[in-house]
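>>> turn this into a model:
(one chain, ligands or ions: 1)
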Amino acid sequence: MKIGLGLYRHMLTRDYYDFARQAGCTHVVAHLVDYFNQATSNPRNNQPTGSKYDPWGVAGDPNQLWTTRGLTTLRAQIEDAGLFLAAIENIDPAHWHDILLDGPQRPQQIENVKTMIRRLGEAGIPVLGYNFSLAGVCGRVTTPDGRGHALTLGMDGPAEDVPIPNGTIWNMVYDRNAPAGTLPSISHEELWRRLQRFLEDVLPVAEQSGVQLAAHPDDPPMPTMRRQPRLVYQPSMYQRLLHLAPSRCNALELCVGTLAEMTEGNVYEAVDRYSKQGKIAYLHLRNVVGKVPHYRETFIDEGDVDMLRILAILHGNHFEGVIIPDHSPQMTCSAPWHAGMAHTLGFMLAAKAALESSHPLPAESDRDTSGGKSP
Ligand SMILES: [Mn+2]
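This next block holds a predicted model:
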């Protein structure tokens, strides 16, 4: 396993790369969507939060796709800092809202996604994380209920009171001039059909480009949020997603915290099952207490999940991919995001060292270990 750090768009700077190296990372996962754009209730020194029904921010420019040059420059800057760029996480709602909505711009937006996948391949970036969701990451509340009164996120019950307004998708505003009104509810089967069409349309380009598509589960994993269905809200539903479009490029952005919030199944069995299949492109690590619709995010060393057991399963299944911290509660200091990430990364480094010293994998010299070295 390799240890990385996820950086939001405004964090794609040398200072943050140096911080990642100092904290022991070899890899970076980069977000190009600016979740915080023009947001009122979404501070930049935390994960994107919004509030229970307030969106994160305003989506990007529909006419500005990621360019090969921009991606290549980003990769070079990260490598210049001594790190590898493992993945780009998430597609801008401005570029694919009508794929999610099955709207009139869908054909053009399928071309958008194909173009961006080709450009990722040209830039040598091997993974695109995505989250096929209408409501997106929403319905959560921030409370000072973490250890030591840390501010943390969770659910205080279902989020069905306020449907999604027109012009909003994936918890971001893509059309500020949309007519008043709300999105009509659709069925679970309709959403699965949209996902299948999407995968069938773009996976051939992903295969040609050498780019894996990696699906995040629905966070929070409720059957519905804001009166819209969700796809992967139980661990077994990841298997349905894999069966939907068999391809080496149909893979998972497995989120341990989200799986732990699910009401069925077992997070250890799920990590074992999907890592044995070789289907985890990269992994989010986060601990929680409780399950939907009542849970809260915790520090990595507390909570319901035995993180050493999760990492031992991955190690035992020879998982070679990148693991990044997901979210952390806010630590009380002048740099809450940095402190939370450094705390999580220290735990991950110690666990990795303990696993590798007590259970070294066989034939280490025969395996590709280049990810552990600087480029
Ligand atoms: Mn996650």
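
>>> switch to C-alpha atoms for all contacts and neighbour counts from now on
Noted.

>>> what's whatever helix or strand Arg21 lives in packed up against?
Using DSSP states H and E, Arg21 maps to helix 14-22. With contacts taken as 3 or more CA pairs under 8 Å, 6 or more residues apart in numbering; DSSP states H and E, helix 14-22 sits against strand 2-7, helix 68-80.

>>> relative to Tyr233, which of those is closest?
Proximity to Tyr233 (CA to CA) singles out strand 2-7 among the helices and strands packed on helix 14-22, at 22.9 Å.

>>> can I get the CA coordinates of that closest one in CSV?
Taking C-alpha atoms only, strand 2-7 is exported to CSV below (Å, rounded to 0.1, in the frame of the first residue of the first chain):
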residue,chain,number,x,y,z
LYS,A,2,1.0,3.6,-0.7
ILE,A,3,0.1,6.6,1.4
GLY,A,4,-1.2,9.7,-0.3
LEU,A,5,-3.0,13.0,0.5
GLY,A,6,-6.1,14.4,-1.2
LEU,A,7,-5.8,18.1,-2.0
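
>>> give me the contacts around that strand.
Outside of strand 2-7, the residues that reach it under the criterion CA atoms under 8 Å, 6 or more residues apart in numbering are 16, 20, 24-31, 320-326, 345, 348-349, 371-372.

>>> turn the buried ones among those into a named ChimeraX selection, would you?
Restricted to the buried members of the contacts of strand 2-7, where burial is judged by 16 or more other CA atoms under 10 Å, the ChimeraX selection command reads as follows:
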select :16,20,24,25,26,27,28,29,30,31,320,321,322,323,324,325,326,345,348,349,371
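
>>> quick check: helices, which of the contacts of strand 2-7 are part of them?
Among the contacts of strand 2-7, DSSP state H puts Tyr16, Ala20, Leu345, Met348, Leu349 in helices.

>>> wait, a helix at Leu191?
Yes: with DSSP: H, G, I helix; E, B strand; the rest coil as the criterion, Leu191 is part of a helix.

>>> how many residues are close by His243?
Using other CA atoms under 10 Å, His243 is surrounded by 11 other residues.

>>> and what of the one 5 residues further on?
Other residues lying near Arg248 total 16 when counted by other CA under 10 Å.

>>> can you show me the strands along the stretch 251-375 of the chain?
Along the stretch 251-375 of the chain, the stretches classed as strands by DSSP state E, counting those that start in this stretch are 280-285, 287-291, 294-298, 322-325.

>>> where does the chain dip in pLDDT?
Applying pLDDT under 70 to the chain flags residues 359-375.

>>> in contact with the residue nearest to the spatial centre of it, which residues?
By CA atoms, centre = their mean, the mean C-alpha position of the chain lies nearest to His216, the distance being 5.4 Å. The contact partners of His216, taken as CA under 8 Å, 6+ apart, are Gly129, Tyr130, Asn131, Phe132, Leu252, Glu253, Leu254, Cys255.

>>> now Glu89
For Glu89, the contact set (CA under 8 Å, 6+ apart) comprises Val29, Ala30, His31, Leu32, Leu128, Gly129, Tyr130.

>>> strands of the stretch 101-250 of the chain, start to end?
Counting by DSSP E, counting those that start in this stretch, the strands of the stretch 101-250 of the chain are 127-130, 141-143, 152-156, 168-169, 172-173, 212-215, 224-225, 228-229, 250-255.

>>> could you dump those strands to CSV with mean neighbour count?
Below are the strands of the stretch 101-250 of the chain laid out as CSV (neighbours: other CA atoms under 10 Å):
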stretch, mean neighbour count
strand 127-130, 23
strand 141-143, 17
strand 152-156, 22
strand 168-169, 24
strand 172-173, 26
strand 212-215, 26
strand 224-225, 23
strand 228-229, 21
strand 250-255, 25
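
>>> can I get these in TSV with distance to Glu111?
As requested, those are arranged in TSV below (distance: least, CA to CA, whole Å):
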stretch	distance to Glu111
strand 127-130	16
strand 141-143	36
strand 152-156	36
strand 168-169	19
strand 172-173	21
strand 212-215	16
strand 224-225	29
strand 228-229	26
strand 250-255	18
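
>>> identify whichever of those lies nearest to Tyr8.
Between Tyr8 and the strands of the stretch 101-250 of the chain, the shortest gap by CA to CA is with strand 127-130, which sits at 13.4 Å.

>>> which elements pack onto the closest one?
Other elements packing on strand 127-130 under the criterion 3+ CA pairs under 8 Å, 6+ apart are strand 84-89, strand 212-215.

>>> and the contacts of it?
86-91, 117, 211-216, 253, 281.

>>> what strands line up against it, and which way round?
Looking at strand 127-130 with DSSP bridges, its paired strands and their directions are strand 84-89 (parallel), strand 212-215 (parallel).
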